[in-house]
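**Q** Take this sequence and fold it.
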Amino acid sequence: MKKRYLLQAGAAIVGAGWLSRYLTSRSEVMAITKDEFEITKTDEEWHRILTPQQFAVLRKHDTELANTSPLDRQHAKGTYECAACDLPLFTSKTKFNSGTGWPSFYAPIDGAVSTSVDNSFMTTRTEVHCHRCGGHLGHVFDDGPAPTGKRYCMNGVAMKFIQD
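**A** Predicted coordinates:
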C-alpha cells in the first residue's frame, strides 16, 4: 500500500512541476526590459493613469470578460488607440464581428503592434502588445477573414476609440 501512495505522490509532483511551466509562464514580453520601449513607467506611475481594469490587462496580462466591452459593438469610423500611451493601433476599416465577444481586427496599423510567444494556460498563443509602451492588448489567431486570415482578438479595455 505504501508503494502505491509513493507512486501517486511522485506522479503528482512530476505533474505539478510540468503543469506549473504552463500556468506560471507568461509571454516573452515580460522578459523584455522596460528600457526597450519608447514609453516606460513604474507600476506606480501606470496605476496613476490607468483604471484598475486597464492596469490588470495592459500591465499584468489579464483578460477582460467576453461581451463586456462597448468597443466590441462600436461600428463608427475611427481609430482604436492604446489606452496607456495613445498610439494608434487599429482602424475601423479592419474591424470585423468575430462573434467572440472581443473587438476583432484582421490587421493592425503598420508598426503599431509587436507580438511575442505566450505559453500560459497550457497552450502556446501569439500575444499582441503595443509597440510603444509594451502594453498587453490581446492575442492574434489564424482564423480571421481575408485578406490576412488573421484575427487580432483585442481587449477593449486596453484601447480607446477616437471617432473620425
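**Q** Need the phi and psi values for D72.
**A** phi -70, psi -30 (degrees, to the nearest 10).
**Q** and after the helix or strand of the chain with the lowest mean pLDDT, which helix or strand comes next?
**A** When each helix and strand of the chain is scored by mean pLDDT, DSSP states H and E, helix 2-24 comes last, with a mean of 47. Scanning forward in sequence from helix 2-24 by DSSP states H and E, the next helix or strand is helix 43-49.
**Q** buried residues in that following helix?
**A** W46 (16 or more other Cβ atoms under 10 Å). C-beta here means a position set from N, CA and C on the backbone, and glycine is covered the same way.
**Q** Can you pull out the low-pLDDT segments for this protein?
**A** Residue ranges of the chain with pLDDT under 70: 1-35.
**Q** Now with 90, please.
**A** 1-37, 118-123 (pLDDT under 90).
**Q** Tell me which residues touch the spatially most central residue of it, please.
**A** Nearest residue to the geometric centre of the chain (Cα atoms, centre = their mean): G138, 2.4 Å. Residues in contact with G138 (Cβ atoms under 8 Å, 6 or more residues apart in numbering) are 63, 102, 127-128, 152-155, 158.
**Q** quick one, what contacts the closest residue to R132 other than its chain neighbours?
**A** With sequence-adjacent residues excluded and distances taken as Cβ to Cβ, 6 or more residues apart in numbering, R132 is closest to L87, at 4.4 Å. Contact partners of L87, counting by Cβ under 8 Å, 6+ apart, are 81, 112, 130-133.
**Q** and with 7 Å instead?
**A** Applying Cβ atoms under 7 Å, 6 or more residues apart in numbering to L87 gives the contacts 81, 112, 130-132.
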